[in-house]
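Trainee: mind looking at a prediction? Sequence and model below.
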Amino acid sequence: MNVDGRPRNTEATAPATKVVKAIGPRLRRLLSVVFALLALVGANSGYLASVTVLEWFTGETYQNYFYFLMFLGHLVLGLLIIVPFVVFGVAHMFNTWKRRNRRAVRVGYALFAVCIAVLITGLMLVRISGVFDLKHPAALSIVYWLHVGAPVVGAWLYWLHRLVGPKIHWKVGLAYGGVVAATVVAMVGLHSSDPRDWNVKGP
């Protein structure tokens, strides 16, 4: 009560609720690192998958020195993305777990779980003699297909998650996808050709 007997204006004296951004400036920089690594992993995975599909259809082996360098790059990029992704995911969930849009929160949890599954299955496919070596054919096949299929589910969940957030920059994504697709097609074309036939005189 005021000195004159009138009730106090509690709305004016109540402390303002601090709004925590889902992705602050620091977290946005970390997200940029995650996206950059994902872009490299995506392009690398597209190449490796294309060579595998080419071998399935032709019955020939196209794994050369460059292929194994790309495979090594896939392992290195996969290891590099673990820490920044997990840190971003945990921090992002901490900032948003009280948001009213529970559907977006639940989809975000599912997306994080699927991405963790991709990382775990990737680590399980790494063979280290004397430490870890998954040799059982059935288990190896299950882990492999989970590692291949989970990113597809993750992409779909990411699209659902972003429906309630800022608009997706489709032009950037489509341009990146077009460049990657053209590069992969060119590289697979080189794989399927025999360099011994190059510059050979025709009839």
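Mentor: Yes, it's here. Numbering: from 1, shown residues only.

Trainee: what's the longest helix in the chain?
Mentor: When the chain is parsed with DSSP state H, its longest helix is helix 25-58.

Trainee: would you list the phi and psi of Phe132?
Mentor: phi -150, psi 130 (degrees, to the nearest 10).

Trainee: center of the protein - which residue?
Mentor: Most central in the chain under CA atoms, centre = their mean is Leu38, positioned 4.9 Å from the mean C-alpha point.

Trainee: Ile81 is in contact with that residue, correct?
Mentor: Yes. With contact defined as CB atoms under 8 Å, Leu38 counts as touching Ile81 (7.0 Å). All C-beta atoms are positioned from the backbone trio N, CA, C, and that covers glycine.

Trainee: state the distance from Phe85 to His136.
Mentor: Distance, Phe85 to His136, by CB to CB, to the nearest Å: 28 Å.

Trainee: so where's the chain shaky on pLDDT?
Mentor: Scanning the chain for pLDDT under 70 picks out 1-20, 164-167, 191-203.

Trainee: for Val118, grab the count of nearby residues.
Mentor: Counted by other CB atoms under 10 Å, the residues lying close to Val118 total 21.

Trainee: my bad, should have said Pro137
Mentor: What Pro137 shows, counting by other CB under 10 Å, is a neighbour count of 8.

Trainee: that one and Gly59, how far apart?
Mentor: Distance check for Pro137 against Gly59: by CB to CB, it reads 20 Å.

Trainee: ok, Leu134 next?
Mentor: Taken as CB to CB, the span from Leu134 to Gly59 is 26 Å.

Trainee: between these two, point out the one with more neighbours.
Mentor: Ranked by neighbour count (other CB under 10 Å), Leu134 and Gly59 place Leu134 first, with 14 against 6.

Trainee: phi first, then psi, for that one.
Mentor: Backbone geometry at Leu134, expressed as degrees, to the nearest 10, gives phi -80, psi 110.

Trainee: what about the residue lying closest to it once chain neighbours are set aside, how many residues nearby?
Mentor: Nearest-residue entry for Leu134: Leu140, 5.2 Å, with adjacent residues in sequence omitted and distances by CB to CB, 6 or more residues apart in numbering. Number of residues near Leu140 (other CB under 10 Å) recorded here: 15.
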